[in-house]
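**Student:** missing the sequence, but the structure's below:
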């Protein structure tokens with residue numbers, strides 16, 4: 001299939017407006033090796049049986065494209081969309097709405113959890129996709145014929161995949177579930193981008209005292225700001241493990257900071273003084289309301305987790321849904337720690353619907 005390029009923003013506007021009633025198949029290619037922010041390399045769009053390749057500068061200049069991304073009433077079809085949404089968030093400063101993640105939909109439809117795009121295409125449509133240019137240079141121009149074919153292949157199966165998913169989910173009564181889960185997943189991804197809460201991702205810091213975790217929160221926030229300002233990956237500023245070690249030791253001087261094992265001398269020279277000042281301020285702050293990093297489950301909690309997991313497996317198998325999608329480990333751990341199904345979002349929405357047959361037993365286990 002020959003690739004068709006759109007080279008002017010006005011042309012992109014017209015094409016999108018002329019086909020506004022159709023779901024928009026969407027994918028991106030980008031580079032992210034030594035930067036904090038992904039660098040857009042290509043946007044791939046599909047409407048019906050028409051597929052277009054668009055340079056980022058053209059897409060960025062298109063008001064209709066931006067509006068289509070943000071329009072909750074215009075369906076966007078993506079596959080494994082987390083990195084695409086992050087790209088749009090940082091590149092275009094917008095949160096796409098009305099998104100459907102067909103990887104989630106395929107899992108609900110019975111294809112298996114976290115199925116790769118190429119594998120699902122082969123399974124559903126019998127075509128083997130060439131993935132040899134996946135990691136090629138998407139910023140240079142012109143793209144090779146192999147790159148153009150790869151980029152087009154990444155969107156040309158989204159519409160038939162969408163049709164297959166919808167038919168399967170209509171039979172299972174789960175059409176609204178994939179819409180809900182895709183939207184919730186997108187919201188969760190956006191929330192994880194908050195630099196003030198990023199410290200809670202450093203699970204290795206759970207054993208720190210409340211004061212030390214308060215310092216860790218301040219250090220992580222500082223690193224987030226520095227990484228974004230310098231456009232450098234987090235671990236190329238200061239690695240997670242080193243931030244935890246610094247928070248544990250609470251150094252009071254640059255000399256003490258330099259004694260933290262593994263901390264590069266260049267970090268001490270560049271950031272030593274401001275880091276020590278930040279540590280002092282955070283050490284003296286009131287952390288009584290700090291949300292602590294989740295600790296590993298105790299042996300008693302692990303037993304409870306396994307009991308709940310068995311019931312979740314029963315509910316998932318009854319609806320032919322992967323238990324990893326119905327009850328991800330983090331959600332189920334939250335239930336265990338809070339002794340409340342609501343903590344894992346099992347008290348409303350599609351998950352509540354699916355666990356109805358085992359709901360009373362789940363409550364009994366939590367109350368025991």
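**Tutor:** Done, it's in. Since the model is a prediction, treat every value here as computed from it, not as a measurement.
**Student:** low-scoring stretches of the stretch 1-150 of the chain, by residue?
**Tutor:** By pLDDT under 70, the weakly predicted segments of the stretch 1-150 of the chain are 1-2.
**Student:** What are the boundaries of the helices in it?
**Tutor:** Using DSSP state H, counting those that start in this stretch, the helices of the stretch 1-150 of the chain run over residues 9-18, 56-60, 63-70, 82-91, 102-109, 117-125, 145-156.
**Student:** likewise the stretch 151-300 of the chain?
**Tutor:** 158-172, 175-192, 210-230, 234-237, 240-249, 254-258, 265-284, 299-318.
**Student:** chain center to the shortest one, what's the gap?
**Tutor:** Same thing as helix 234-237. Chain-centre distance of helix 234-237: 19 Å, with CA atoms, centre = their mean, to the nearest Å.
**Student:** Residues touching that helix, excluding its own?
**Tutor:** Contacts of helix 234-237 with the rest of the structure, by CB atoms under 8 Å, 6 or more residues apart in numbering, involve 34, 36, 223-224, 226-227, 230, 240, 267. Where you see a C-beta, it was placed from the backbone N, CA and C, and this is true even at glycine.
**Student:** If we use 6 Å, what do you get?
**Tutor:** The contact list for helix 234-237, computed with CB atoms under 6 Å, 6 or more residues apart in numbering, reads 223, 226-227.
**Student:** Scan the residues you listed and report the most crowded one.
**Tutor:** Greatest neighbour count in the contacts of helix 234-237, by other CB atoms under 10 Å, goes to residue 223: 24 neighbours.
**Student:** how deep is residue 246 tucked in, by neighbour count?
**Tutor:** The number of residues packed near residue 246 is 23, by other CB under 10 Å.
**Student:** any idea how far it is from residue 254?
**Tutor:** Look at residue 246 and residue 254: by CB to CB, to the nearest Å, they are 12 Å apart.
**Student:** What of residue 318?
**Tutor:** Separation of residue 318 from residue 254 (CB to CB): 60 Å.
**Student:** Now do the residue nearest to residue 82 when sequence neighbours are not counted: how many residues are near it, please.
**Tutor:** Spatial nearest neighbour of residue 82, chain neighbours left out: residue 189 (5.7 Å); criterion: CB to CB, 6 or more residues apart in numbering. Under the neighbour criterion other CB under 10 Å, residue 189 is assigned a count of 16.
**Student:** As CSV, the helices of the stretch 1-150 of the chain with distance to residue 332 would be great.
**Tutor:** Converted to CSV, those look like this (distance: least, CB to CB, whole Å):
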stretch, distance to residue 332
helix 9-18, 41
helix 56-60, 39
helix 63-70, 33
helix 82-91, 21
helix 102-109, 17
helix 117-125, 26
helix 145-156, 33
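**Student:** Perfect, that will be all.
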